[in-house]
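1. need a 3D model of the following:
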Amino acid sequence: MPVSKSFEERLHKSLPQIIEKFGTPFHIYDGPGIHDTLRDMKETFRLRNLSFKEFYAVKALPKPAIMEIIKDEQCGFDCSSIPELRLARNAGAKPEDIMFTANNVKKGEFREALDHGGCIMNLDGIEYIPKLEALCREITRPFPELICFRLNPGTRKTGDSVNSIIGNPVDAKYGVPIEDIVEAYRAIQKIAEQQTNQDRKKQRYGLHTMVCSNDRDYTHMVATYRLLLEVAAQLKKELGIELEFVNVGGGLGIPYRPGDTAFDLKAFADECYKLTMAFAQEHGYAPAIFMESGRYVTGPHGVLINRVINVFKKYKNYVGIEVAMPALMRVGMYPTSAYHHCILLNPDGSPIEEGSRPIIKVTIVGSICENCDVLARDVEMPEPREGDLIMTCDTGAHGSAMCFNYNGRERIQELLEGFYGNVRRICRAETYDDLDIRHQGLEGQEHRLKVSNN
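-> Numbering: from 1, shown residues only. Next up, the predicted model:
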């Protein structure tokens, strides 16, 4: 979708100064817009008297400056790696502000999650229970007080279609199969019963799932929430467990294409209210609602600014820009489904006057040695000229986070626009020295091995 009207107006006024100061290319993020989205999410659920907390999916845009905004809005962080855990803690997140949701976890990752007071431990499979228990004994840490499991719903219906990114749950590597979920919690209950420390607090539980990505149909998320409540009812009946929360995951989509409908958060919250009230009346309690949105929070609040460096024709019209796939790989990674709206601007950042140029069909490409190095395929726009700017919308999530260095291309700089017209660089562009540093300092014996022939 095009950028918000407010951000667009600010950019048109400020782009000449921004480019003069920082040059191109760059990602730039709308700080006030991110604040507004988070506040709207919280207020939507608060107005319906629902206990709600957003755990921002750090993978979407893992930048310290963005983490500060999330923390300022009193939201939590969903982490799936050691760097993400450290980013969250460096932002001031407390243990219960962090949910560690990781797949195929190594011992060192569990240890990092247990450090610094721990976090909400969201286990991806039953097989991790004995490993986590053994690690706690090894490092003399108490077993996590608050345990959650990621649920794989298998063939249970959570929407009207199989998502093209997550795929069919029965083929997915994620989560505890729904047939095994009760046994997973039973295993934790047994561990809790064996704890001899009199000071240990009561074991606490949550439930999580994540079955879609970039889904703009709120009814699918309602179906997911309904399924989680059904499992919560089963756990209460069979094990006496009352869940503190159910986490419906992320996956809230944004309208990348002009004309796309937006996710109806208010309608989703309305349905959550009805389901929650019915559940509370029947079971005597209601869990809080957690979400782990990333794309929905930051996605619409970022754009990629490129300079047109070549205009050429093969069997179709091409527009060559400074950087494409290494700065935004979604279009190349998902060629049949991913789309980012591209807007042509004058060299100074001002809009192209309507009717001033013929409309032609172009493909916008970068410079790496792969034919998938594309930002847009066969899109219509005013005829580009060398020196023009291309503004690519909705790059605030899974844009810079997925950057790479193929062909030795350095990752580009990132800027953040704050309040009152303040713009600052929050991540500098890489240099050749940054790429080369991993090849340096390898002369020591710790980097060498004499292989024996015996």
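2. all strands for the stretch 201-350 of the chain, in order.
-> 204-209, 245-247, 288-291, 302-313, 317-321, 342-345 (DSSP state E, counting those that start in this stretch).
3. hey, which of these is tucked in deepest?
-> Most buried of the strands of the stretch 201-350 of the chain, by mean neighbour count (mean count of other CB atoms under 10 Å): strand 245-247, with a mean of 26. No exception for glycine: its C-beta is placed from N, CA and C like everyone else's.
4. which strands or helices does it pack on?
-> Where contact means 3 or more CB pairs under 8 Å, 6 or more residues apart in numbering; DSSP states H and E, strand 245-247 is packed against strand 204-209, helix 218-239, strand 288-291.
5. so what touches that strand?
-> Contacts to strand 245-247, defined as CB atoms under 8 Å, 6 or more residues apart in numbering, come from residues 53, 55, 99, 122, 148, 206-209, 225, 228-229, 232, 287-292.
6. please name the strands paired to it in the sheet, noting orientation.
-> Strand 245-247 has the following sheet partners, assigned by DSSP bridges: strand 204-209 (parallel), strand 288-291 (parallel).
7. N90: which of those strands is closest?
-> strand 288-291 (22.2 Å; CB to CB).
8. give me the pLDDT value at the residue most central in space within the chain.
-> Residue closest to the mean C-alpha point of the chain, counted by CA atoms, centre = their mean, is A60 at 3.0 Å. On pLDDT, A60 comes in at 97.
9. could you pull up the residues touching the closest residue to it other than its chain neighbours?
-> Using CB to CB, 6 or more residues apart in numbering and skipping the chain neighbours, the partner closest in space to A60 is G294 (2.9 Å). Applying CB under 8 Å, 6+ apart to G294 gives the contacts 56-61, 78, 250, 397-398.
10. need phi/psi at D434.
-> Torsion angles at D434 (phi, psi; degrees, to the nearest 10) stand at phi -60, psi -40.
11. try F45
-> Dihedral angles of F45 (phi, psi; degrees, to the nearest 10) stand at phi -80, psi -30.
12. for it, the count of nearby residues, please.
-> Under the neighbour criterion other CB atoms under 10 Å, F45 is assigned a count of 22.
13. how about it: what's its closest non-neighbour residue?
-> F52 (3.5 Å).
14. go on, M121?
-> Counting by CB to CB, 6+ apart, M121 lies nearest to P144, which is 4.3 Å off, once chain neighbours are set aside.
15. ok so, going back, could you dump the strands of the stretch 201-350 of the chain to a markdown table with mean pLDDT?
-> Putting the strands of the stretch 201-350 of the chain into a markdown table (pLDDT from 0 to 100) gives the following:
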| stretch | mean pLDDT |
| --- | --- |
| strand 204-209 | 97 |
| strand 245-247 | 98 |
| strand 288-291 | 98 |
| strand 302-313 | 97 |
| strand 317-321 | 98 |
| strand 342-345 | 96 |
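16. surely R86 is in a helix?
-> Yes: assessed with DSSP: H, G, I helix; E, B strand; the rest coil, R86 lies in a helix.
17. what's the pLDDT at it?
-> For R86, the model assigns a pLDDT of 97.
18. V297 now?
-> V297 is given a pLDDT of 97.
19. that one - how many residues pack around it?
-> 30.
20. contacts only, for the closest residue to G396 other than its chain neighbours.
-> Leaving aside its chain neighbours, G396 sits nearest to G302 (2.7 Å; criterion: CB to CB, 6+ apart). Contacts were defined as CB under 8 Å, 6+ apart; by that measure G302 touches 27-30, 61, 394-397, 399.
21. same list, the strands paired with strand 245-247, but as JSON lines with distance to T261 please.
-> Shown next, in JSON lines, are those (distance: least, CB to CB, whole Å):
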{"stretch": "strand 204-209", "distance to T261": "24"}
{"stretch": "strand 288-291", "distance to T261": "20"}
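22. out of these, which gets nearest to R448?
-> Nearest of the strands paired with strand 245-247 to R448, taken as CB to CB: strand 204-209 at 45.3 Å.
23. okay, helices next: where are they in the stretch 1-150 of the chain?
-> 5-22, 31-46, 64-72, 82-90, 107-114, 128-138 (DSSP state H, counting those that start in this stretch).
24. on that earlier part again, report the contact partners of the residue nearest to F45.
-> Per CB under 8 Å, 6+ apart, neighbours of F52: 41-42, 45-46, 288-291.
25. go with 7 Å
-> 42, 45, 288-289 (CB atoms under 7 Å, 6 or more residues apart in numbering).
26. quickly check these for the two that are furthest apart.
-> Across the contacts of F52 (CB to CB), the longest gap, 12.7 Å, separates K42 and A288.
27. pLDDT at I165, what is it?
-> Looking at I165, its pLDDT reads 46.
28. before we move on, the earlier item: ok, so of the contacts of F52, who is nearest G418?
-> G418 lies nearest to K42 out of the contacts of F52, by CB to CB, at 20.4 Å.
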